[in-house]
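**Student:** quick one: sequence plus predicted model below, questions after.
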Amino acid sequence: MKILVDAMGGDNAPEEIVEGCIEAVKVLDGYEINLLGDKDKIERILSKNNFSGDRIKTIHTTEVITNDDVPTKAIKSKKDSSMVVGLKMLKENQGDVFLSAGNTGALSAGSLLIVGRMEGVDRPALAPLIPTKNGPVLLIDAGLNTNCRPINYLQFAQIGSTYMREMYKIKDPKVGLINIGTEANKGYEELKQAYLLLSNSGLNFVGNIEGRQLPEGEVDVAVCDGFVGNVLLKFLEGVGSFILEGLSGVYKQDLISKLSALMIKRKLKKFLKKMDYEEYGGTPILGINGTVFKCHGSSNAKSIKNAIIKAYDFARNSVLDQLRHEFYNREAGNLGI
């Protein structure tokens with residue numbers, strides 16, 4: 001398996017990206033990594049970390065898409081950027097997975113323009129995992145589609161259910177539609193129509209859920225439009241950081257606090273790990289006709305390492321093939337084939 005990594009995308013590129021790749025090949029076999037970007041910079045970092053293995057190779061590119069670039073314009077004009085070259089290699093089957101911590105809008109635009117959407121899918125979606133009381137929940141969509149039609153909510157639920165079943169072995173994932181109340185008649189017209197579609201979809205749809213139910217982990221797949229999803233995601237990230245910093249401050253106040261922390265060290269570590277976004281790695285763009293993962297813009301080496309492992313599992317479990325198969329069957333059924 002070949003994993004393509006944009007070495008130049010993200011706030012901490014290329015150093016943290018390259019170091020994350022080094023960590024990834026140390027902990028897991030079965031793949032090689034192609035780093036795309038400035039060859040001199042990448043190889044200096046590899047040398048600095050005393051890496052001399054043959055599982056990381058460098059592909060030189062001369063341009064970088066920054067967070068200030070206009071997404072579609074950048075994809076069309078910066079042909080030799082690490083992101084565009086990586087997506088083209090994925091399209092041409094020169095790699096199995098592409099990861100980037102760069103410009104989210106450019107990555108989503110490039111995924112559509114270069115790799116293309118999966119047959120039968122109206123709109124691809126960003127699908128991060130969020131930590132909850134009962135384990136991670138898939139939030140879909142988290143930023144790609146701010147105005148959705150009822151069919152989009154249905155497809156997000158179908159894509160998300162398949163992903164959670166194939167990746168996390170949840171036999172019959174529970175699906176909830178994020179709304180302003182749990183009653184079936186809540187929300188604007190598109191949400192009411194989406195509720196009806198989901199109710200008759202054959203999925204394990206449990207109805208509307210409110211934002212306060214998300215941290216309880218009452219569903220496995222939480223469906224919403226990209227505007228709501230992105231606001232929720234950023235809010236939860238902020239709350240997580242606030243809690244981690246608050247706990248750290250409390251347990252460092254005095255000797256008694258430090259002793260208390262020592263007594264619950266193991267459980268505290270477990271809780272902090274659950275709240276740490278770096279543990280969840282990258283986020284797949286689901287509905288694309290290829291495996292594309294978006295890493296957090298401020299990803300460090302640990303986050304990149306976990307994203308690579310997650311993307312490897314995605315490819316190894318043939319999640320993309322399963323999504324293609326299910327959507328082909330749905331389209332065939334709709335056409336009476």
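**Tutor:** Structure received.
**Student:** number of residues surrounding the nearest residue to residue 115 once chain neighbours are set aside?
**Tutor:** Leaving aside its chain neighbours, residue 115 sits nearest to residue 290 (4.2 Å; criterion: Cβ to Cβ, 6 or more residues apart in numbering). The C-beta positions use only the backbone N, C-alpha and C, and glycine is treated the same way. Neighbour count of residue 290, defined by other Cβ atoms under 10 Å: 19.
**Student:** residue 290 contacts residue 90, correct?
**Tutor:** Yes - with contact defined as Cβ atoms under 8 Å, residue 290 reaches residue 90; the gap is 4.8 Å.
**Student:** how close does the residue nearest to residue 115 sit to residue 52?
**Tutor:** Per Cβ to Cβ, to the nearest Å, residue 290 is found 31 Å from residue 52.
**Student:** also residue 305?
**Tutor:** Look at residue 305 and residue 52: by Cβ to Cβ, they are 19 Å apart.
**Student:** can you tell me which residues contact the residue nearest to residue 115?
**Tutor:** Residue 290 sits next to 90, 91, 98, 111, 115, 116, 320 when contact means Cβ atoms under 8 Å, 6 or more residues apart in numbering.
**Student:** does the third one belong to a helix, a strand or coil?
**Tutor:** When the structure is split into helix, strand and coil by DSSP: H, G, I helix; E, B strand; the rest coil, residue 98 lands in strand.
**Student:** hmm, it is touching residue 86, no?
**Tutor:** Yes - with contacts counted by Cβ under 8 Å, residue 98 reaches residue 86, the gap being 4.8 Å.
**Student:** which neighbours do the two have in common?
**Tutor:** Common neighbours of residue 98 and residue 86, counting by Cβ under 8 Å, 6+ apart, are 4, 5, 6.
**Student:** quick one: which of those residues is most hemmed in?
**Tutor:** residue 5 (34 neighbours).
**Student:** quick one, phi psi at that one?
**Tutor:** With angles defined as degrees, to the nearest 10, residue 5 sits at phi -130, psi 130.
**Student:** again, but for residue 88
**Tutor:** Main-chain dihedrals, residue 88, degrees, to the nearest 10: phi -70, psi -40.
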